[in-house]
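**Q** Show me the folded form of this:
(chains A and B)
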Amino acid sequence: MQKRAYFGLYVVIAVLIVLPFVLPNSFYLDVAIRMAINAVIVLGLNLLIGFAGQISLGHAGFLGIGAYASAVLPTHFGWHPLLAMIAGAVVTGVLAALVARPIFKLKGNYLAMATLGLGIILSIAVRNEAQWTGGPDGMPVPAFGLFGFELSSDKQWYWVIAVLLSVSVWASLNLIDSPFGRALRALHGSEVASRVVGVDVVRYKVAIFVMSAVFASLMGSITAHYVGFVTPNLADFFHSIELVTMVVIGGMASVYGSLIGAVLLTALPQALATFEGWETVAFGGILMVCMIFLPKGLVPTLASKLGKGE
Amino acid sequence: MALLDVSNLSIHFGGVKAVQEVTFSIDAGIVYSVIGPNGAGKTTLFNLITGVYKPTSGEIHLDGESIAGKSPDELARRGVARTFQNLQICMNMSAIENVMVGAHLRLDRNLLKAALRLPSLTRRDAELRDEAAELMRFVGLEKYIEARADSMPYGALKRLEIARALAMKPRLIFLDEPAAGLNPKETIEVDHLVRKVADSGITVVLVEHDMKMVMNLSDRILVLDYGKKLAEGTGEEVRKNPDVIAAYLGAHA
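**A** Sure thing, here's the model as predicted:
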């Protein structure tokens, strides 16, 4: 079973290597990059939601911190982009850790409400601090460079993000099948049983919340540099919901489900563009059908249909 | 000195006095049973000693150290394990992983090392997997070593809980109705299993309704009724105690 889980990683790497050579034009490459960025975020979020059984409806807020750190700090204060990215991640980590302790005393709906509130506060802050962030209009982001080498073409970005994604898949697989990961899954399965065997439940929830928030922040920075422009939409509530939907559609507690969810939900709005004004309706309809017929998400449902295993 | 000393232990839920002024002590290496009619406070007593509930008043000492009000993970560190009357199995994990979780405190739980899959960690994990498989054989679950927890029958899950508790390498294990819901054949098997656990040097505290099993296994028995201690002693003493007979059979028996 373990061998099989890592086999998927080779498939992912193979696809990532072949992809840029078969994509017909730069539009598709752009979509692929966005898919991969979302996939990394969703992997982190799935560790929190699918594996540890907690919810966050405010993850776009963390994404926003990273994105705006990368936009504001270099533009207004002349920081090096790498330093700005790290600063964004540290701020996100500290903020997530500070709010996580009180938040994880809550359960179920209350936890959802608290994270939702946090996300909304962050998105309002970004929208209102117009002198720094450009407000609702957003602001440009300087290019990302390291050691005199500047990441500019989509091809370069693609390879950087492909490596990030592969490493994230590998690290997620490792984590799940480790003492840390077992403790996470156990507190999802039975909180009281995991407490009794010695799992400090709150510490684990906080750790995975902080980790997934930092993931989101780093990918927010990368999104900002890649796109070259940030708007508050990146940090808003709908984006949080979109990320959670990717987790659920792909499959909770499924590493490969996270990838599939991110790929599908990034592609779907593009594919539905032909419906013009009705694309949101079609989008909602597809999600409903998925949830009715594949309630466990695409990958887990198909895996169990195709026989055993995950 | 006794391994576990409980004195004047009480817990109130609002006006309900679930456990009142209960005092007893358990010597190391024995099988100690807690019996009593439904609602007598047996499981509540377990929850108090294993840290799931905090006592309203009273003291609990483990090896002379006060443990009243300590959290379950602190108690786990001190070698206290338990199983649950209503199964608490992680259905999102495989059977053997449930057992491996029991060894949580004995492992390196570092997040970064785990994410990087350091060889030291994977080697230890492979050892642990063998150890967990061994424990599953010990409790009679050899068939289920490769199974998913959610595919196992009820009786097997009861034993899986015991295997998980044993993976903690505890000094003291609390078994909350290990034979509840089992058929007579399975009950006898659990009876033998509890004996085996006790023979391995672990002090066993047992809550059980199957009187044959209780009388057969116990060195000492505590009888609770309406949250109060009714009697305590050997099986023979308890059986002859008029208060116990009255509680079980009605006041006029």
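
**Q** Can you list the residue ranges for strands in the stretch 101-250 of chain A?
**A** Assigned strands in the stretch 101-250 of chain A, in chain order: A:139-140, A:144-146, A:149-151, A:229-230 (criterion: DSSP state E, counting those that start in this stretch).

**Q** Nearest to chain B, out of the ones you listed?
**A** Chain B lies closest, by CB to the nearest CB, to one member of the strands of the stretch 101-250 of chain A: strand A:144-146, at 22.6 Å. The way it works is simple: take the backbone N, C-alpha and C, and place the C-beta from them, glycine included.

**Q** Now residue 91. Nearest residue, chain neighbours left out?
**A** Went with chain A since none was named. Counting by CB to CB, 6 or more residues apart in numbering or on different chains, A:Val91 lies nearest to A:Ile65, which is 5.9 Å off, once chain neighbours are set aside.

**Q** You answered for a different chain; I wanted chain B.
**A** Among residues not flanking B:Met91 along the chain, B:Asp150 sits closest, at 4.4 Å (CB to CB, 6+ apart).

**Q** three-state assignment of the one you found?
**A** At B:Asp150 the chain is in helix, as set by DSSP: H, G, I helix; E, B strand; the rest coil.

**Q** next one: B:Ile221
**A** Quick answer, by three-state DSSP: B:Ile221 is strand.

**Q** Distance check, the residue in the stretch 51-200 of chain A positioned nearest to chain B against B:Gln88.
**A** Proximity to chain B, evaluated over the stretch 51-200 of chain A using CB to the nearest CB, is greatest for A:Gly189 at 2.5 Å. To B:Gln88, A:Gly189 is 8 Å away according to CB to CB, to the nearest Å.

**Q** quick one: contacts for the residue in the stretch 151-253 of chain B that chain A sits nearest to?
**A** Chain A sits closest to B:Met168 of the stretch 151-253 of chain B, with a gap of 6.0 Å, by CB to the nearest CB. Shown in contact with B:Met168 (CB atoms under 8 Å, 6 or more residues apart in numbering or on different chains): A:Val197, A:Gly198, B:Ala76, B:Gly79, B:Ala81, B:Gly102, B:Ala103, B:Leu105.

**Q** I'd like the distance between the third one and A:His188.
**A** This points to B:Ala76. B:Ala76 is 19 Å from A:His188, by CB to CB.

**Q** These two: who's more crowded?
**A** B:Ala76 (27 against 22; other CB atoms under 10 Å in any protein chain shown).

**Q** That one is in contact with A:Gly198, isn't it?
**A** Yes. Contact criterion CB atoms under 8 Å: B:Ala76 and A:Gly198 qualify, at 3.3 Å.

**Q** quick one: common contacting residues for these two?
**A** Taking CB under 8 Å, 6+ apart as the contact rule, B:Ala76 and A:Gly198 both touch B:His104, B:Leu105, B:Met168.

**Q** can you confirm the last one is in a strand?
**A** No. Under three-state DSSP, B:Met168 falls outside any strand and is assigned coil.

**Q** Return the backbone torsion pair for it.
**A** phi -80, psi -10 (degrees, to the nearest 10).

**Q** leaving aside the residues next to it on the chain, what's closest to it?
**A** Nearest to B:Met168 is B:Ala81, by CB to CB, 6+ apart, at 4.5 Å.

**Q** For the chain, give the helix that spans the most residues.
**A** Since no chain was named, I'll use chain A. Scanning chain A for the longest helix, with DSSP state H as the assignment, gives helix A:201-227.

**Q** wrong chain, I was asking about chain B
**A** Assignment by DSSP H; longest helix in chain B turns out to be helix B:119-138.

**Q** At the contact with chain A, which residues of the stretch 101-250 of chain B appear?
**A** Residues of the stretch 101-250 of chain B lying close to chain A by CB under 8 Å from any CB of the partner chain are B:101-102, B:104-105, B:107-111, B:113-117, B:121, B:125, B:164-165, B:167-168.

**Q** Would you mind listing the residues in contact with the residue in the stretch 1-150 of chain B that chain A sits nearest to?
**A** Distances between the stretch 1-150 of chain B and chain A by CB to the nearest CB are smallest at B:Cys90, namely 2.5 Å. With contacts defined as CB under 8 Å, 6+ apart, B:Cys90 is in contact with A:Arg185, A:Ala186, A:His188, A:Gly189, A:Ser190, A:Ala193, A:Ser194, B:Glu97, B:Asn98, B:Val101, B:Ala149.

**Q** Quick check: the second one touching A:Val201?
**A** Okay, so that is A:Ala186. No. Here A:Ala186 does not reach A:Val201: they are 9.3 Å apart, not a contact under CB under 8 Å.

**Q** Can you show me the helices along the stretch 101-250 of chain A?
**A** For the stretch 101-250 of chain A, the helices defined by DSSP state H, counting those that start in this stretch cover A:108-128, A:130-133, A:154-176, A:179-189, A:191-196, A:201-227, A:237-250.

**Q** now do the stretch 151-253 of chain B
**A** B:154-166, B:184-199, B:211-217, B:235-240, B:242-249.

**Q** other SSEs contacting the last one?
**A** Spelled out, that is helix B:242-249. On a contact count with 3 or more CB pairs under 8 Å, 6 or more residues apart in numbering or on different chains; DSSP states H and E, helix B:242-249 meets strand B:220-225, strand B:228-233.

**Q** what packs against the first one?
**A** What that stands for is strand B:220-225. Strand B:220-225 packs on strand B:16-26, strand B:31-35, strand B:228-233, helix B:235-240, helix B:242-249, going by 3+ CB pairs under 8 Å, 6+ apart.

**Q** List the strands paired with it, with their directions.
**A** strand B:31-35 (parallel), strand B:228-233 (antiparallel) (DSSP bridges).

**Q** so where is the chain shaky, pLDDT-wise?
**A** You didn't say which chain, so I picked chain A. A:1-3, A:148, A:307-310 (pLDDT under 70).

**Q** could you do chain B instead?
**A** Ranges of chain B meeting pLDDT under 70: B:251-253.

**Q** Mind doing that once more with 50?
**A** Scanning chain B for pLDDT under 50 picks out the ranges B:253.

**Q** circling back: right, so the helices of the stretch 151-253 of chain B: which one is the most enclosed?
**A** Ranked by mean neighbour count, these are led by helix B:154-166 with a mean of 23 (mean count of other CB atoms under 10 Å in any protein chain shown).

**Q** what residues does that helix touch?
**A** Contacts of helix B:154-166 (CB under 8 Å, 6+ apart): A:193, A:197, B:81-84, B:87-89, B:95, B:98-99, B:101-102, B:132, B:135-136, B:138-141, B:144, B:149, B:152, B:173, B:175, B:178-183, B:186, B:190, B:193, B:197, B:202.

**Q** Go again with 7 Å.
**A** Contact partners of helix B:154-166, identified using CB atoms under 7 Å, 6 or more residues apart in numbering or on different chains, comprise A:197, B:81-84, B:87, B:89, B:95, B:98-99, B:101-102, B:135-136, B:139-141, B:144, B:149, B:152, B:173, B:175, B:178, B:181-182, B:186, B:193, B:197.
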